[in-house]
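Student: heads up, no residue letters with this:
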Ligand code: SF4
């Protein structure tokens, strides 16, 4: 039998939230018009940026920690299969059950079946990117199961029938007044005198959630880390809602991307320092929950771990792009990104926005399904500087741009232009001619210092908002050659 | 020292005064300047837009143009652009190697070792911070992203500016924020780019500086193009032009002039 290799599968379309319905520039244009969104984001990102810088600055060995974080991830990815099998053995030995999900469809089906088996028609959820990625809430809803988000920001998004716009603070695009309005409108029995005081808002959410925690029989979580040698899962959070979900219900189902595994317990030492400082700008996060399998008489008595691929193996196969799998979802790169700060997360069309989203989403789906994302960056490099595991995001963006260009089967006008320019720039004679042609542009200026605003595309995309100086009659190299003719 | 000047494609074609200023400055400091005639571009725009295969012949041209200079006694190659020098250091050899052109990659890497951004060349190689310049203007400095984060030029440009006689240096708020240029980003994502530019201009104008300077002509073209469109009186002038300016020749040309029509 001859095997036909069809390539490693990417995340399937039609399920989950990895693809937008518009290109980034189109979606960004709309976001840029929203003054409230930009004010909210500008305020939130600059606050968190300053906090992060302060707590990172106080660690004298940050550079070494960061390098350790990078090196452990790189070594883990090199033997990912072995670590995952070790993890499965350990979780099973401790009374848990491991399920392998090739993609979003399989993962949703597994989780739905597990919930149905308990007879429950509602679940409480710990904030999780993996379950957002696969659209689990929608899949459960289709099966008649209600999912209650319990993270405050995720709850705001869910109640507002909105979409998350940040990987750590999904409701970062909303301000206090907007949150108050959502609560008043959607929370049954909300106090009509509710103000936009943060404490009052938090207490309203607490009352709303407490009831659900106490009656829930099934919880669904993601995982920040999974330790292969001990079968331990880890969830890091600030609000304590996660701890409630992870301990109160009878059944716990954890959906985890396969890249979250770390080989040994000691590795947590590195990441539990890197993560809180990078994400919330805290020295230590308030709640770190760790569990391995089940413990009779204590906490959930049934534990399922769903290991999710959904395109990750395809990412791993790309020598340059695979670094994206090292991400620990701290969101520091979003908070410093000048593009994200202005467009917000929705413009990226995926649950993973910002710089990490721009390199992860196109790789999970295949670059052609998210072709505008690798270009959604000015390559300023701020993301690389803050990334706690030193993912070289700008280089991966550039790599994915090339993957997109090289995937084209038909010649685009842009490709024609770049090829022609390449020809000109690699021959001094042709280059002089091209420069002379550009210099002729000066006649369009009719004696003025800048060119007219109304020029044909693609120059018009520049001149709509910025002037272009009139080209000089002679280039520098031309002047120099004339002066130094011997 | 014999120094080869890499003007860069953008400066050579659009703002030749920046290359001229670089040559004038280096000559005034007692160095011999040569301008290899075969030079064109470093290949960065192709690489960053996704045309890394098409960048290879451009890299080959660059290597051809400058390898000859090195064999005729040139000790260093200097360019008035952090971004192009960063591309020479971080991209040229890599794209050549990816295309299987190993000899070209080795040659490019060897050239990169001798290639310097202007402020790094002045401060690190020549060991000067006072270049004897005179520029009686209120100036603010924008540390462009690639100079700042890829080349790590640090405060070298500021050291140079502080030593300029008559120059009133004002700190730029939010200096480390990108101006939104980003090469083809400015065209492919023109609206987001302009939103970033607006905030950069706000910060520049808040300093009440007459001049915004930087080590990259491309970013200055962007900031200057925006300032000019607003009919702002603040103009952009490359660091090389300020450093080339002396009591005898105080007025480097403006890269952009407010677009006020008669
Ligand atoms: S890419 Fe790096 S900075 Fe961005 S979220 Fe992931 S770990 Fe954090």
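Tutor: Right, received. Where do you want to start? Everything numeric in this text was worked out from a predicted model, so none of it was measured.

Student: Domain ranges for chain B, per the record?
Tutor: Here the domain assignment for chain B is B:2-125, B:138-254, based on automatic domain parsing.

Student: Comparing those, which yields the minimum mean pLDDT?
Tutor: Ranked by mean pLDDT, the domains of chain B bottom out at domain B:138-254, which scores a mean of 93.

Student: Helix or strand: which one has the residue most central in space within chain A?
Tutor: Geometric centre of chain A, nearest residue: residue A:352, 2.7 Å, by CA atoms, centre = their mean. Using DSSP states H and E, residue A:352 falls within no helix or strand.

Student: ok, so what distance separates it from chain B?
Tutor: Distance of residue A:352 to chain B, computed by CB to the nearest CB, to the nearest Å: 18 Å. Glycine gets a C-beta too; all of them are placed from N, C-alpha and C.

Student: what's near enough to touch that residue?
Tutor: Taking CB atoms under 8 Å, 6 or more residues apart in numbering or on different chains, we find residue A:352 in contact with A:18, A:129, A:133, A:167, A:360, A:361.

Student: With residue A:244 instead?
Tutor: The neighbourhood of residue A:244, defined by CB under 8 Å, 6+ apart, consists of A:124, A:150, A:213.

Student: What is the lowest-pLDDT residue among these?
Tutor: residue A:213 (90).

Student: Secondary structure element holding it?
Tutor: Using DSSP H and E, residue A:213 falls in helix A:198-215.

Student: ok, residues contacting that helix?
Tutor: A:122, A:124, A:148, A:150, A:152, A:155, A:176, A:179-180, A:183, A:187, A:190-191, A:194, A:241, A:244-245, A:248.

Student: Got the phi and psi for residue A:232?
Tutor: For residue A:232, the backbone dihedrals (degrees, to the nearest 10) come out as phi -90, psi 130.

Student: and the gap between the residue lying closest to it once chain neighbours are set aside and residue A:38?
Tutor: Nearest residue to residue A:232, sequence neighbours excluded (CB to CB, 6 or more residues apart in numbering or on different chains): residue A:292, at 4.5 Å. Per CB to CB, to the nearest Å, residue A:292 is found 45 Å from residue A:38.

Student: go on, residue A:32?
Tutor: For residue A:32, the distance to residue A:38 - CB to CB - is 7 Å.

Student: quick one: the helices in the stretch 101-250 of chain B?
Tutor: Here the stretch 101-250 of chain B has its helices, by DSSP state H, counting those that start in this stretch, at B:102-113, B:118-120, B:145, B:156-162, B:185-188, B:190-206, B:217-229, B:239-244.

Student: does any part of the third one sit near chain A?
Tutor: Yes - Helix B:145 comes into contact with chain A (CB under 8 Å from any CB of the partner chain), by way of residue B:145.

Student: packing partners for that helix?
Tutor: Contact here means 3 or more CB pairs under 8 Å, 6 or more residues apart in numbering or on different chains; DSSP states H and E; on that basis helix B:145 packs against no helix or strand.

Student: Not counting that helix itself, show me its contacts.
Tutor: Residues contacting helix B:145 (CB under 8 Å, 6+ apart): A:378, A:379, A:380, A:381, A:382, B:178, B:219.

Student: Count the residues that sit near residue 135.
Tutor: Because you didn't say which chain, this covers chain A. Number of residues near residue A:135 (other CB atoms under 10 Å in any protein chain shown) recorded here: 21.

Student: not what I meant, chain B
Tutor: Around residue B:135 there are 24 other residues, counting by other CB under 10 Å.

Student: swap in the one 3 residues further on?
Tutor: Residue crowding around residue B:138 was assessed by other CB under 10 Å; the count is 14.

Student: per-residue confidence averaged over stretch A:348-365?
Tutor: Rounded mean pLDDT across stretch A:348-365 is 97.

Student: Can you give me the buried ones in stretch B:108-127?
Tutor: Neighbour counts over stretch B:108-127 (16 or more other CB atoms under 10 Å in any protein chain shown) mark B:108-109, B:111-112, B:114-123, B:126 as buried.
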